[in-house]
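1. the following comprises the amino acid sequence and a computationally predicted model.
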Amino acid sequence: MIKIDVNTSFDKLALNLRMFSRDLPYATSQALNSVAFESQKTIRTKTLPGTFTLRNKRTQQGFQVDKATKDHLTATVGSLDWWTAEQVEGANRRAGNEGRESVKVNGKPYLAIPVVGAGSKVLPKKQRASALIAQGKAFVVPLKSGLYAVAAEVIGQRDIQVLFILKPMIHVKERLHPQQTINTVIQKVFDGKLEAEFERIARKAGAS
């Protein structure tokens, strides 16, 4: 909940509230939108790069603002992308869902999870399990545990290296905390933005 303290502003105005009350919802919406866009900027430039290894700007651009209006005094900041939403709330990710790369074994989709030591989990497309299989550089092998893995031959050795474990579902842990960023921005700038808007409508009403 946002606490709005306007006592200081109105102490300065010495003007009947009714003279400019019709402008208050618009002023409040402008202050809310200023905070929303400042929050969006901070999430894009600090929170996301500080949490993930970003290969491009797509994830950052996914954070959008739904602006407040004088008739709807609520501004929201959120992501349009499913992969970012998973990191905010935590979720069970299943193989085969739209937009999610998977490897099929006997007609059943599996998510390919890089094993420890297989390199960065942020993989270029050509290094993903499905691409390596398509290029003939890797293949699916059954494990004693009953799971499947994607493996590749070790050059110069009569051995194979497991690159990915295949699972039908994984749990994505909560890692991204945009609400903390938004709360910090609110505490820093909201009161000032709101007071500036109130002063502006006071001058418009002839109070200055």
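-> Yep, that arrived. Computed from a prediction, not measured in an experiment: that's the story for all the values here.

2. for the rest of this, base every contact and every neighbour count on C-alpha atoms.
-> OK.

3. now do the SS call for the spatially most central residue of the chain.
-> Closest residue to the average C-alpha location of the chain: Thr84 at 4.2 Å, with Cα atoms, centre = their mean. Classification of Thr84 by DSSP: H, G, I helix; E, B strand; the rest coil places it in helix.

4. dump the residue contacts of it.
-> Residues in contact with Thr84 (Cα atoms under 8 Å, 6 or more residues apart in numbering) are Thr59, Leu176.

5. how much space is there between it and Asn183?
-> Going from Thr84 to Asn183 by Cα to Cα, to the nearest Å gives 19 Å.

6. just Ile133 next, same as before
-> Going from Ile133 to Asn183 by Cα to Cα gives 46 Å.

7. what of Ile43?
-> Taking Cα to Cα, one finds Ile43 at 12 Å from Asn183.

8. contacts only, for Val35.
-> Val185, Ile186, Val189, Phe190, Lys193.

9. is it fair to say Val185 lies in a strand?
-> No - counting by three-state DSSP, Val185 is located in no strand; its state is helix.

10. next, the contact list for it, please.
-> Here Val185 is in contact with Val35, Glu38, Ser39 (criterion: Cα under 8 Å, 6+ apart).

11. now do it, the pLDDT please.
-> Per-residue pLDDT puts Val185 at 91.

12. same check on the one 5 residues further on?
-> Looking at Phe190, its pLDDT is 89.

13. so that it lines up with my notes, have the first residue be 828 from now on.
-> All right, first residue 828 from here; so that's Phe1017.

14. wait, is it part of a helix?
-> Yes - residue state for Phe1017 (three-state DSSP) corresponds to a helix.

15. OK, contacts around it?
-> Going by Cα under 8 Å, 6+ apart, Phe1017 touches Ala858, Leu859, Val862.

16. check Asn919 too.
-> By Cα under 8 Å, 6+ apart, the neighbours of Asn919 are Met996, Ile997, His998, Val999.

17. what's the following helix or strand after the helix or strand hosting it?
-> Assigned by DSSP states H and E, Asn919 falls within strand 918-921. Later in the chain than strand 918-921, the nearest helix or strand by DSSP H and E is strand 930-932.

18. which sections of this structure are below the confidence cut-off?
-> Applying pLDDT under 70 to the chain flags residues 828-847, 924-928, 943-949, 1032-1035.

19. for it, longest helix please?
-> In the chain, taking DSSP state H as the definition, the longest helix is helix 851-869.

20. starting from that helix, tell me the next helix or strand along the chain.
-> Downstream of helix 851-869, the first helix or strand assigned by DSSP H and E is helix 875-878.

21. list of residues touching that following helix?
-> If you take Cα under 8 Å, 6+ apart as the criterion, helix 875-878 is touched by Leu881, Gln887, Arg1002, Leu1003.

22. buried only: go through the residues you listed for me.
-> Taking 16 or more other Cα atoms under 10 Å as the criterion, what is buried in the contacts of helix 875-878 is Gln887, Leu1003.
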